[in-house]
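Undergrad: all I have is the shape, not the residue letters:
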């Protein structure tokens, strides 16, 4: 859904802010959700300055005003993560304005992002995954087979929830064992999978085509043949994993974490894992190395006689 038309109807923007939002959506290929977040941050900044968006002139803003806004947000008990995002919004806006010649200096250069402690990603244990994937009580019917395949694909490919629900039959090559997915910013990548998964997909498609009347061209559909929605897939994963795991978070993204952690624990090269996950930078993948190290450390601590 394109939010920019919604913005025009509800808010009065300067041409500059509106142009910035269009730049994010159409040139940077940011998602509509991300563009909406940038929009919200800029409107909040205008509100702090006590001006309406149509009177916002970035050339009159100095670093002191930005620092005062940051201090205001800190006093308002905003989390470090949210504060970092709002500062990043202003930094992006001024970089854009400077590049387009709308301002002559960038007051955000001296503004630093607060340090945030990133929690280690949660992941399911191998035994837990085996208990789900090797469940002998799965009925050979469309819906239970579909739900099982959803978890299997998440675990064996590491794809995102948004990527899974948009898979079409034509994106799958069962002979080659490859899956084409469209990731963030419309980046396409090819993910390999094994012969066993190929057979499971083929079996599922056969059941789907028999039991579902005129399904849409997507791989995963509802009983009425219409494409699945994110919350439905989330609930399927959460319900299935709740039967075998006590983790607080039992989401599709935890399965993605599990995929990455399993590869690294198995000796996979981190750059290869980066490509499989569709990360744009290595930094996003490196968080999994800490998880893998903790796993190795626990093994060492329990196995070595002098580790304690």
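TA: On my side now, so go ahead. The shown structure was predicted, so the numbers you read here are calculated from the model rather than taken from an experiment. Numbers count the residues shown, from 1 in each chain.
Undergrad: for the rest of this, base every contact and every neighbour count on C-alpha atoms.
TA: Will do.
Undergrad: on the three-state scheme, residue 74 is what?
TA: Using DSSP: H, G, I helix; E, B strand; the rest coil, the structure places residue 74 in helix.
Undergrad: excluding chain neighbours, give the residue nearest to it in space.
TA: residue 83 (7.7 Å; CA to CA, 6 or more residues apart in numbering).
Undergrad: in contact with that neighbour, which residues?
TA: 70, 73-74, 113-114 (CA atoms under 8 Å, 6 or more residues apart in numbering).
Undergrad: that one: which element?
TA: Assessed by DSSP states H and E, residue 83 sits inside helix 80-99.
Undergrad: any idea how far residue 76 is from the residue nearest to residue 74?
TA: 11 Å (CA to CA, to the nearest Å).
Undergrad: before we move on, what about residue 219?
TA: To residue 76, residue 219 is 46 Å away according to CA to CA.
Undergrad: could you do residue 217 as well?
TA: From residue 217 to residue 76 the distance is 48 Å (CA to CA).
Undergrad: these two: who's more crowded?
TA: Taking neighbours as other CA atoms under 10 Å, residue 217 and residue 76 compare with residue 217 leading, 15 against 9.
Undergrad: didn't that one look like it was pressed against residue 172?
TA: No. The pair residue 217 and residue 172 fails to qualify as a contact (CA atoms under 8 Å) at a distance of 11.9 Å.
Undergrad: next, residue 178: phi, psi?
TA: Phi and psi for residue 178, reported as degrees, to the nearest 10, are phi -130, psi 150.
Undergrad: how many other residues sit next to it?
TA: What residue 178 shows, counting by other CA under 10 Å, is a neighbour count of 17.
Undergrad: let the chain start at 40 from now.
TA: Yes, from this point I'll number from 40; that puts the last item at residue 217.
Undergrad: how confident is the prediction for the nearest residue to it once chain neighbours are set aside, by pLDDT?
TA: What sits nearest to residue 217 in space, not counting adjacent residues and going by CA to CA, 6+ apart, is residue 231, at 4.4 Å. With respect to pLDDT, residue 231 has a value of 93.
Undergrad: residue 195 is in contact with residue 231, correct?
TA: No. The pair residue 231 / residue 195 is not scored as a contact, 9.1 Å apart, by CA under 8 Å.
Undergrad: so these two - more neighbours on which side?
TA: residue 195 (20 against 15).
Undergrad: leaving out the residues flanking it, which one is nearest to the more buried one?
TA: residue 298 (6.5 Å).
Undergrad: correct me, but that neighbour touches residue 191?
TA: No. Contact criterion CA under 8 Å: residue 298 and residue 191 do not qualify, at 10.5 Å.
Undergrad: and the strands in the chain?
TA: Using DSSP state E, the strands of the chain run over 211-212, 217-221, 227-231.
Undergrad: I'd like those strands as JSON lines, with distance to residue 147 appended.
TA: What follows is the strands of the chain, written out as JSON lines (distance: least, CA to CA, whole Å):
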{"stretch": "strand 211-212", "distance to residue 147": "46"}
{"stretch": "strand 217-221", "distance to residue 147": "34"}
{"stretch": "strand 227-231", "distance to residue 147": "34"}
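Undergrad: most packed of these?
TA: strand 217-221 (a mean of 19; mean count of other CA atoms under 10 Å).
Undergrad: counting by contacts, list what that strand packs against.
TA: helix 200-204, strand 211-212, strand 227-231 (3 or more CA pairs under 8 Å, 6 or more residues apart in numbering; DSSP states H and E).
Undergrad: next, the angle strand 217-221 makes with the last one.
TA: When you say that, I think you mean strand 227-231. Between strand 227-231 and strand 217-221, the angle comes out at 150 degrees (axes from the mean of the first three to the mean of the last three CA atoms, to 10 degrees).
Undergrad: and strand 227-231, what does it pack against?
TA: Strand 227-231 packs on strand 217-221, helix 309-316, going by 3+ CA pairs under 8 Å, 6+ apart.
Undergrad: out of these, which is closest to residue 126?
TA: Closest of those to residue 126 is helix 309-316, at 27.2 Å (criterion: CA to CA).
Undergrad: so which bits of that closest one are buried?
TA: Neighbour-count burial for helix 309-316 flags 309, 312-316 (criterion: 16 or more other CA atoms under 10 Å).
Undergrad: now for it, which elements pack on it?
TA: If you count contacts as 3+ CA pairs under 8 Å, 6+ apart, helix 309-316 packs onto strand 227-231, helix 291-304, helix 321-342.
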